[in-house]
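Colleague: What would the 3D arrangement of this be:
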Amino acid sequence: MMAGKERTEPEQGAGKPAGMKLWVQQRGPGEPARAQYYRPRKSSWTGKKMAQFLDVLRATSNVTEACRAVKMDISGAYALRKKDPAFAAGWAEALEQGYAELEMLLLRQSIHGSEITEQVDDGNTDGKKKTKTVHSYPHSMALRLLMAHKGAVDAYRAEQGIDRPGSDALHAEIRAKIALVRARSDGNGSGEGNENA
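Modeller: Numbers count the residues shown, from 1 in each chain. Predicted coordinates for the structure are as follows:
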């Protein structure tokens, strides 16, 4: 008997007991297989835990945080990814979606930054506080996450045929649209194409 698993011999014609799983042990050649029911450990991956893990991974792009959310071991998550192709596919998709969101967040913060309002002591002895707004660009953690998952996300995007934000094809499409807008504005500015003037 394996530690942590209660085993009972299945009865002929009996249904599967609630909460139990079937375990079949193949003996030597020509010998009949032996079947037993066992109660899975509470620390095993369930469908609900896998779905929650993938949701947190999608939201954070952080495997450690996703494992913490489902109270599972990181090495167990990586082992399950190797063993279960559906979970591995969900993992890759969740990382790609989280990665794309992180790229967009960095782009927004690079352009606009972020504002933090702080209460600071004004230096007087009367204890009054002053409100100060700080404009910052906190990129260190986001850049670490981007670099940690870059290879996996690039491989997934190549496999799925997804263009990353800022790809050459996207730049060419934007340049073509800008050229079209300029051509229209040049035409309208010189009197051409404006029949109502």
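Colleague: Now the host helix or strand of residue 177: average pLDDT?
Modeller: Taking DSSP states H and E as the definition, one finds residue 177 inside helix 168-189. Helix 168-189 carries an average pLDDT of 82.
Colleague: Tell me which helix or strand comes right after the biggest helix by length in the chain.
Modeller: Longest helix in the chain by number of residues (criterion: DSSP state H): helix 85-112. Following helix 85-112 in sequence order, the next helix or strand is strand 114-121 (DSSP H and E).
Colleague: Any idea which helix or strand in this protein has the lowest mean pLDDT?
Modeller: strand 7-8 (a mean of 48; mean pLDDT, DSSP states H and E).
Colleague: In three-state terms, label the closest residue to residue 118 other than its chain neighbours for me.
Modeller: Closest residue to residue 118 apart from its sequence neighbours, by CB to CB, 6 or more residues apart in numbering: residue 132 at 5.1 Å. All C-beta spots, glycine's among them, are computed from the backbone N, C-alpha and C. Of the three states, residue 132 takes strand according to DSSP: H, G, I helix; E, B strand; the rest coil.
Colleague: what sits against residue 132?
Modeller: 117-120 (CB atoms under 8 Å, 6 or more residues apart in numbering).
Colleague: I'd like the distance between the residue positioned nearest the centre of the chain and residue 98.
Modeller: The geometric centre of the chain, computed from its C-alpha atoms, lies nearest to residue 58 (CA atoms, centre = their mean), at 2.4 Å. Distance, residue 58 to residue 98, by CB to CB, to the nearest Å: 5 Å.
Colleague: just residue 29 next, same as before
Modeller: In this view, residue 29 and residue 98 are 49 Å apart by CB to CB.
Colleague: And for residue 161?
Modeller: For residue 161, the distance to residue 98 equals 19 Å [CB to CB].
Colleague: So between those two, which is more surrounded?
Modeller: The residue with more neighbours, out of residue 161 and residue 98, is residue 98; 22 against 6, by other CB atoms under 10 Å.
Colleague: is it true that the more buried one touches residue 55?
Modeller: No: look at residue 98 against residue 55 with CB atoms under 8 Å: they stay out of range, at 10.2 Å.
Colleague: Give me the phi and psi angles of residue 73.
Modeller: Main-chain torsions, residue 73, degrees, to the nearest 10: phi -80, psi 140.
Colleague: Tell me who's in contact with it.
Modeller: residue 67 are the contacts of residue 73 under CB under 8 Å, 6+ apart.
Colleague: Give me the number of neighbouring residues for the residue nearest to residue 93 when sequence neighbours are not counted.
Modeller: Counting by CB to CB, 6+ apart, residue 93 lies nearest to residue 156, which is 7.3 Å off, once chain neighbours are set aside. For residue 156, the count of nearby residues is 18 (other CB under 10 Å).
Colleague: Residue 26 now?
Modeller: Counted with other CB under 10 Å, residues neighbouring residue 26 total 9.
Colleague: Nearest residue to it in space, please, no chain neighbours.
Modeller: residue 33 (5.2 Å).
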